[in-house]
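[1] Provided below for reference: sequence and predicted model.
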Amino acid sequence: MTTFLLHGGLTSKQCSNNRDFYVEMASRVKKNGIWLGCYFASDETRKKKKFLSDKRKILRSVKHKIECIFAEPQKFEQQLAKADMIYFAGGTTLKLMDELKRYKNLKNLLQQCNVVAGSSAGMNILGKEWLGKSSQGKGLGLLPMSMVVHYGAPEYANQHKNITLPAPILKLRETQFVVIEQ
């Protein structure tokens, strides 16, 4: 069984929902386990900074020792095979999907992972289809639903007026998260 932690976006905002999200992620990694942070959706100048910020939040939220690893494209499949949890951070969904296309065994590796987490673009890729700020597309299909992130945010209002994704549709507001066991 895989646990999915899905976040609607804006993890950088200081609020109780986001603190709870990081606590939930941290609590799902076993003692001496590996949390793998994937920032392929982010622009090159921000990837490491986002990882270091998320790593601090994770380590602050856990009571036991875990290892936080930065996902690297050339080592990604090997890193994922060893990880207890993968976290796909937000950014640009199309960029993330393009990067993940190169890994032919990805879906199988993700299905073997105990916990798969995603925020914003990272959440989008996990469903059948997704709706982004300026684009729409097919996801990896790990979950049998379509994804809408940043739901209700003013800058997404036009896209959210006429959602044409196949049902069921999971709509999450910024800082909102859910846990799905499958």
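    Sure, I can see it.
[2] could you tell me how far the helix ranked longest in the chain lies from the centre of the chain?
    Ranked by residue count, the top helix of the chain under DSSP state H comes out as helix 47-61. Centre-to-centre, helix 47-61 and its host chain are 14 Å apart (C-alpha atoms, centre = their mean, to the nearest Å).
[3] give the buried residues for it.
    47, 50, 51, 54, 55, 57, 58, 61 (16 or more other C-beta atoms under 10 Å). In short, each C-beta sits where N, CA and C put it, glycine included.
[4] pull the residues that contact it.
    Helix 47-61 is contacted from outside by 11-12, 19, 22-23, 25-27, 29, 35, 37, 39, 42, 66, 68, 70, 87, 89, using C-beta atoms under 8 Å, 6 or more residues apart in numbering.
[5] buried members of those residues into ChimeraX, please.
    Those of the contacts of helix 47-61 that count as buried under 16+ other C-beta under 10 Å are selected in ChimeraX with:
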select :11,22,25,26,29,35,37,39,42,66,68,70,87,89
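[6] ok, and what's touching the least confident helix or strand in the chain by mean pLDDT?
    When the helices and strands of the chain are scored by mean pLDDT, DSSP states H and E, helix 157-161 comes last with a mean of 85. If you take C-beta under 8 Å, 6+ apart as the criterion, helix 157-161 is touched by 131, 132, 133, 134, 148, 151, 152.
[7] could you look up the SS state of the closest residue to residue 40 other than its chain neighbours?
    Closest residue to residue 40 in three dimensions, ignoring its sequence neighbours and counting by C-beta to C-beta, 6 or more residues apart in numbering: residue 99, at 4.1 Å. Of the three states, residue 99 takes helix under DSSP: H, G, I helix; E, B strand; the rest coil.
[8] that older thread, C-terminal to the longest helix of the chain, what's the next element?
    Next helix or strand after helix 47-61 toward the C-terminus (DSSP states H and E): strand 67-70.
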